[in-house]
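Trainee: Structure, please.
(4 chains)
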There are 2 protein chains.
Amino acid sequence: MTSDSEFQVPRRSASLRVLVEEQLRKAIVVGRFRPGDRLIERELCDLFGVGRTSVREALRQLEAEGLVTSYPHRGPVVSKIDVEEARQLYDVRGLLEGYCGRRFAEHGGAEEIAALREAYAAFAEAAEGSDREALIATKTAFYDRLMAGAGNLVVRRMLETLHNRITLLRMTSMTQPGRIGRSVAEVGAIVEAIAAKDPDAADAACRDHIERAAGAALARLSEEAQDAE
Amino acid sequence: MTSDSEFQVPRRSASLRVLVEEQLRKAIVVGRFRPGDRLIERELCDLFGVGRTSVREALRQLEAEGLVTSYPHRGPVVSKIDVEEARQLYDVRGLLEGYCGRRFAEHGGAEEIAALREAYAAFAEAAEGSDREALIATKTAFYDRLMAGAGNLVVRRMLETLHNRITLLRMTSMTQPGRIGRSVAEVGAIVEAIAAKDPDAADAACRDHIERAAGAALARLSEEAQDAE
DNA sequence: AATTGCATACGATCAGACAATCCGTCAACG
DNA sequence: CGTTGACGGATTGTCTGATCGTATGCAATT
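Mentor: Next up, the predicted model:
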């Protein structure tokens, strides 16, 4: 029997610590905890109903991902991101997504391209409405497709944590008027380049998209940093 | 008193867990534990003389870095890397190091270039001798310079963990006869391109170097995988 | 008002316990 | 003889209680 990897029963109820980790990550990414907030062990224990061990290990994981920062003897807080770091994050993101676009264009199958198109259509449609939830969901789905098509798990992992960290900024380009429409157009360009199997164009389109998004976000960010002073 | 950052007493004795983490990482990278080896909690407790808490948290950290893999109820083992994953790792590495070279060439200062040259000279000299330790040390030092010059901490972090993971393969290109000499030449090309402040050339030189190194390593790796069957 | 000193809060670490699970062994069974 | 099933040891998963060191806020003192 060639263990066809199908029929894999949920084998494990995913150790507690992983569950806590996921819950906490979601809570942070979704804004339930905001940058600078302290994450007190006992509170988290109560919140999730688990022991300190699991909480602490989950915190270590998120710390490794850059989502939380621990200060010795003061405990973990949700990471803050300054303008410079944000710039660097966007820089890498452009690089990696460009790579994904390139690889996708190089060896993406027909079905994958179709799936990408589909995801794009959903995103474009969501952009028409005013449902922010849907907008974010469809955009995330699109990126999932994009990264999957590149066929490089290492990069995919990196991008996932990058996205999470950037979300911490909670300053998506899409908060700017008119930016959404342009964003859709840029993403469309990505899809076209990939469908045309043009690696260079796909790479460029991805970078371009991120660069513009970064521009919008960073502008607001540094302006806000100014105010804070 | 303006706390001149001098006289900083080891302020924080770097929490135990971080120490364990560093020791363990070094032990793995250096080959004291080899891929596939089990890492049994209690043994590590004895080895490092610390409690289970610290060991477990350190393990979580290394797990996040990809150096160890945990199987439910069977515990952590040193990660194994298959050929496909190795290919992906090298792919990203080339991408990121190319980025570093580019950025370095774009805005590297004179002193930084001088330091890079110096590190290169040391590496070239070590390549003449037969001291493997020195060879590795000088090459690592060179990469440190290279990454520092790029001025992007995010990328630097990523590359550090990438390097660690790749070291797991313990199949550096340099085990091949004649490869060392060519390697030195390739690295020289990187230095020249950066010194000439030619971003494109620097990017290309970095990628090229990694690609060739990857070629040598992957060849041996897949050949060995063949044997194993 | 500034400084000092104390009480409290909280993380860091350890030790010990119990349950759940994996794995090898070995006997029973067809 | 091969398969099945049960048993036991090993190890992780998780929780809890306790101790220690450090940080922080408040109050007393000068």
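
Trainee: Go over the secondary structure and confirm A:V50 is in a helix.
Mentor: No - per DSSP: H, G, I helix; E, B strand; the rest coil, A:V50 lies outside any helix segment and is coil.

Trainee: mind listing what it touches?
Mentor: Going by Cβ atoms under 8 Å, 6 or more residues apart in numbering or on different chains, A:V50 touches A:16, A:20. Every C-beta, even on glycine, is put in place using the N, C-alpha and C of the backbone.

Trainee: cool, and the one 4 residues further on?
Mentor: Counting by Cβ under 8 Å, 6+ apart, A:S54 makes contact with A:16-17, A:20, A:48.

Trainee: Kindly report the same for A:Q23.
Mentor: Residues near A:Q23 by Cβ under 8 Å, 6+ apart: A:F48.

Trainee: mean confidence for whichever strand or helix holds it?
Mentor: Element membership for A:Q23 (DSSP states H and E) is helix A:16-29. Average pLDDT, helix A:16-29: 93.

Trainee: follow-up on the earlier one: among the contacts of A:S54, which one has the most neighbours?
Mentor: Within the contacts of A:S54, most neighbours by other Cβ atoms under 10 Å in any protein chain shown means A:V20, with 25 neighbours.

Trainee: Now do the end-to-end distance for stretch A:186-205.
Mentor: Terminal residues of stretch A:186-205 are spaced 7 Å apart (Cα to Cα, to the nearest Å).

Trainee: Quick check: which helices or strands does the one helix or strand A:A148 maps to pack against?
Mentor: Element membership of A:A148, judged by DSSP H and E, is helix A:132-150. Applying 3 or more Cβ pairs under 8 Å, 6 or more residues apart in numbering or on different chains; DSSP states H and E, one finds that helix A:132-150 contacts helix A:83-107, helix A:110-128, helix A:153-167, helix A:179-195.

Trainee: buried set for that helix?
Mentor: By 16 or more other Cβ atoms under 10 Å in any protein chain shown, the buried positions in helix A:132-150 come out as A:135-136, A:138-139, A:141-143, A:145-150.

Trainee: For the contacts of A:S54, which two are the farthest from each other?
Mentor: By the measure Cβ to Cβ, A:R17 and A:F48 form the most distant pair in the contacts of A:S54, at 10.4 Å.

Trainee: can you tell me how far the spatially most central residue of chain A sits from chain B?
Mentor: A centroid search over chain A (Cα atoms, centre = their mean) returns A:H163, at 2.5 Å, as the residue closest to the centre. Distance, A:H163 to chain B, by Cβ to the nearest Cβ, to the nearest Å: 13 Å.

Trainee: picking up where we left off before, can you lay out the buried residues of helix A:132-150 as TSV showing distance to A:L24 and pLDDT?
Mentor: Converted to TSV, those look like this (distance: Cβ to Cβ, whole Å; pLDDT from 0 to 100):
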residue	distance to A:L24	pLDDT
A:L135	25	92
A:I136	19	91
A:T138	25	96
A:K139	23	95
A:A141	23	96
A:F142	26	97
A:Y143	22	97
A:R145	27	96
A:L146	27	97
A:M147	23	96
A:A148	25	95
A:G149	30	94
A:A150	28	95
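
Trainee: So which of these is the closest to B:R25?
Mentor: Within the buried residues of helix A:132-150, the smallest distance to B:R25 is 27.7 Å, found for A:M147 (Cβ to Cβ).

Trainee: What is the burial count for the closest residue to the closest one other than its chain neighbours?
Mentor: Nearest residue to A:M147, sequence neighbours excluded (Cβ to Cβ, 6 or more residues apart in numbering or on different chains): A:R156, at 4.5 Å. The number of residues packed near A:R156 is 18, by other Cβ under 10 Å.
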